[in-house]
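K.L.:
Need the 3D shape of this:
(chains A and B)
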There are 2 protein chains.
Amino acid sequence: MDKVRLGIIGYGNMGTGHTHYILNGEAPEVALAAIADVRAERRDAAKAVVPESVTIFETGDDLIDSGLCDAVLIAVPHYDHPTYAVKAFEKGLHVMSEKPAGVYTKQVREMNAAAAAHPELTFGMMYNVRTNSVYKKMRELVRDGGLGAIKRVNWIITSWYRTQSYYNSGAWRATWDGEGGGVLLNQCPHNLDLMQWICGMPVAVRAFCHNGKWHDIEVEDDVTAYMEYENGATGVFVTTTADAPGTDRLEVTLEMGKLVCEGDVLTLYKLDVNEREFCKNAEGGFDKPPMQELIIETDGSYPQHQGVLNAFAANILRGEPLIAKGEEGINGLTLSNAMHLSSWLDKTVTIPFDEELFLNELNKRRAQSREKKIVTEKTFNTKGSH
Amino acid sequence: MDKVRLGIIGYGNMGTGHTHYILNGEAPEVALAAIADVRAERRDAAKAVVPESVTIFETGDDLIDSGLCDAVLIAVPHYDHPTYAVKAFEKGLHVMSEKPAGVYTKQVREMNAAAAAHPELTFGMMYNVRTNSVYKKMRELVRDGGLGAIKRVNWIITSWYRTQSYYNSGAWRATWDGEGGGVLLNQCPHNLDLMQWICGMPVAVRAFCHNGKWHDIEVEDDVTAYMEYENGATGVFVTTTADAPGTDRLEVTLEMGKLVCEGDVLTLYKLDVNEREFCKNAEGGFDKPPMQELIIETDGSYPQHQGVLNAFAANILRGEPLIAKGEEGINGLTLSNAMHLSSWLDKTVTIPFDEELFLNELNKRRAQSREKKIVTEKTFNTKGSH
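P.N.:
Residues are numbered from 1 along each chain as shown, chains lettered A, B, ... in the order given. A predicted model of the protein is given here:
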């Protein structure tokens, strides 16, 4: 095999984006073999742009069963990410899943179990923002220990602006039954993954989710969450799809200084001494540890979705490392589920939480999920988004 | 009267600072007439710097009763701010109180009632940070309505770094019985006042206070609070005395844009249209309201404590406006009390809260207040602090 024959399941916003860069030659070790979409108009849209060598299927099942693909890229609504992943593993196909890994951790555990049963298959998660050299560097600086233990994490990530038209563009969008959540499920999987990738998982979450606060939707479009980590560090995560202009500012304070990532600029305020030691030993009451402010240079690379897909192909073909292992998808979803559950129960949720309880609470909301009244099916150009 | 004869009660960090700039001629309408401190070594320290015309008293009561003063500046530990204020009003003296107004709102209501019974007397609060032209401008921009309703408030104010030596510098410091709280009572009164001065009061608070997390003290030195406002806006307030370097970044998002104050630079991201209208009417799902980024110029003034005290004298002498009316001190303290109470009860507290309940909870902690083991009485130079 010198190219991975890829089938894309779901030709919506994301599937269309993936198709375009593959056809544009940006994934040289990937051969687009097939596309599946349950919507006739989306199949027509695909036919209009792909060469005849690409087979168009009505369902993901047909695509998986066709024998035309070595691997699938799953880009359907979130509930079905695990469904298709499990089917694909059972048919011996490699799997790249769009984020989030699923809607509830229980189904993602089943997906991860299916992956574990097929160690010969590659399982990747489309966490394209992990390819941003700024976050890679931030993770490296936090994880290598030179800055000491984490004391505080603040992420104000309110730059996911969406109009009402966005929410009206698909019947499944922003409903409990179709999407399983709002900004936490659709926009924030990247941030929740990066936060745990860089800082690790918290052990407790207290969140305040506001449903349909800024848009005519039934799910949350405004969230503030407080977190506690095992070592006593605390954190805040603030997000919305209604702030204009929003903010994207991640600040991590450690014993040896502070990292601030804002506007893709990473600044390190590096102390000469460990603050914990300084605090105990300083004679002056108002003394501050001496420090230097450094703009951290990176190689500036950000290969995006292409980078994730190319690493996926290289892993299948030559065992090279993935950008994000599929099994890691459960971490960000655990954060998202914990935030929802905390808000629903109006109390602090410890991690691991009761996954049955979460599913019961989600299903209550799915059962009352309202039909969207005004839907104008639209597929947007996601350029500049994620 | 062409000068206000002022008595300073309490010659600790703050009282010393006030004395120095008055003696330095920076408060030309104030004549320093008397100083009181219960500690012999502090009276000696005062004697060493003041001219003979300044009388030194052993107690604030003696100073108030002396007939030497037209006004008092109260700079004793917080619990006694209302005590001396009430006594001074009853003796016909004008009152300037250091912040916070008191430790619990119930005692501040008594102080405000005493002030109300003496409308002929001036009552000011030493909110010197209100004189910072950047915050004045921010208030003006938020309050004049041109930017529409507030949607979100985020203040990360973790720049109040203090060493263990600071906490060891006084027996009353950072104890429930001596100070009544930690970073919320001692460092944050400015920020809590400014937040309500600029954005108004929230109606609900959920806070997470950590006691003695970073220092050997019994009160809180790390706080994260979530707030809800009457119009549905939300906010986050994060503070500590242990982050180095800390952050001081106040962000207010409104319907017509966003204000960010960081490092005394005020930036306005001003939308051309109201986001609420744009959200409903835009055709594209990923469209964003057009906006411009403006650095807001101010006159750069920041007359600090001198400014507050000079306005106080001018109010007494000629009825000119105060920087902060004494009666407004209860607002910031209400926020602080609500944060403590929320953390103590481990639940959301609505404002107004049960003030008897707060006092009972505070008194429980005062009853168990531990003696400080290592105390080295020190008076620090507060230059560069507040």
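K.L.:
For A:Gln164, which residues are in contact?
P.N.:
Contacts for A:Gln164 were tallied using C-beta atoms under 8 Å, 6 or more residues apart in numbering or on different chains; they are A:His215, A:Asp216, B:Cys279, B:Lys280, B:Ala282. To be clear about C-beta, it is placed using only N, CA and C from the backbone, and glycine gets the same treatment.
K.L.:
which among those end up buried?
P.N.:
Applying 16 or more other C-beta atoms under 10 Å in any protein chain shown to these, the neighbour count classes A:His215, B:Cys279, B:Ala282 as buried.
K.L.:
Could I get the phi/psi values of the last one?
P.N.:
Geometry field for B:Ala282 lists phi and psi as phi -60, psi 140, criterion degrees, to the nearest 10.
K.L.:
Quick check: it vs B:Pro290, distance?
P.N.:
Separation of B:Ala282 from B:Pro290 (C-beta to C-beta, to the nearest Å) stands at 11 Å.
K.L.:
Please work out how many residues are found near A:Glu275.
P.N.:
Residues near A:Glu275, counting by other C-beta atoms under 10 Å in any protein chain shown, number 26.
K.L.:
Stretch A:197-205 and chain B in contact?
P.N.:
No: on the criterion C-beta under 8 Å from any C-beta of the partner chain, stretch A:197-205 is out of touch with chain B, staying 9.9 Å away.
K.L.:
Buried ones in the lengthiest helix in chain A, by neighbour count?
P.N.:
Secondary structure of chain A per DSSP state H: the longest helix is helix A:329-345. Using 16+ other C-beta under 10 Å as the test for burial, helix A:329-345 gives A:329-344.
K.L.:
tell me the SS of the residue of the stretch 201-350 of chain A found nearest chain B?
P.N.:
Going by C-beta to the nearest C-beta, chain B is nearest to A:Gly285 of the stretch 201-350 of chain A, at 3.1 Å. Following DSSP: H, G, I helix; E, B strand; the rest coil, A:Gly285 is assigned to coil.
K.L.:
Which stretches in the stretch 51-200 of chain A count as strands?
P.N.:
Secondary structure of the stretch 51-200 of chain A (DSSP state E, counting those that start in this stretch): strands at A:55-57, A:71-74, A:94-97, A:123-125, A:150-157.
K.L.:
contact partners of the third one?
P.N.:
Meaning strand A:94-97. Outside strand A:94-97, the residues within contact range by C-beta under 8 Å, 6+ apart are A:4, A:70-74, A:81, A:84-85, A:88-89, A:111, A:115, A:121-126, A:308-309, A:312, A:316, A:326, A:329.
K.L.:
What count of nearby residues applies to A:Asn360?
P.N.:
With other C-beta under 10 Å as criterion, A:Asn360 counts 10.
K.L.:
Any idea how far stretch A:91-98 is from the middle of the chain?
P.N.:
How far stretch A:91-98 lies from its chain's middle: 17 Å, per C-alpha atoms, centre = their mean, to the nearest Å.
K.L.:
Put the alpha carbons of it into PDB.
P.N.:
The C-alpha atoms that make up stretch A:91-98 are tabulated as PDB, following Å, rounded to 0.1, in the frame of the first residue of the first chain:
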ATOM      1  CA  LYS A  91     -14.800  -4.400   9.200                       C
ATOM      2  CA  GLY A  92     -11.000  -4.000   9.600                       C
ATOM      3  CA  LEU A  93     -10.900  -0.300   8.700                       C
ATOM      4  CA  HIS A  94      -8.700   2.400  10.200                       C
ATOM      5  CA  VAL A  95     -10.600   5.200  11.800                       C
ATOM      6  CA  MET A  96     -10.200   9.000  12.000                       C
ATOM      7  CA  SER A  97     -13.100  10.600  13.900                       C
ATOM      8  CA  GLU A  98     -14.100  14.200  13.900                       C
END
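K.L.:
quick one on the thing from earlier: as JSON lines, the strands of the stretch 51-200 of chain A with mean pLDDT and mean neighbour count would be great.
P.N.:
What follows is the strands of the stretch 51-200 of chain A, written out as JSON lines (pLDDT from 0 to 100; neighbours: other C-beta atoms under 10 Å in any protein chain shown):
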{"stretch": "strand A:55-57", "mean pLDDT": "98", "mean neighbour count": "18"}
{"stretch": "strand A:71-74", "mean pLDDT": "98", "mean neighbour count": "26"}
{"stretch": "strand A:94-97", "mean pLDDT": "98", "mean neighbour count": "28"}
{"stretch": "strand A:123-125", "mean pLDDT": "98", "mean neighbour count": "27"}
{"stretch": "strand A:150-157", "mean pLDDT": "98", "mean neighbour count": "24"}
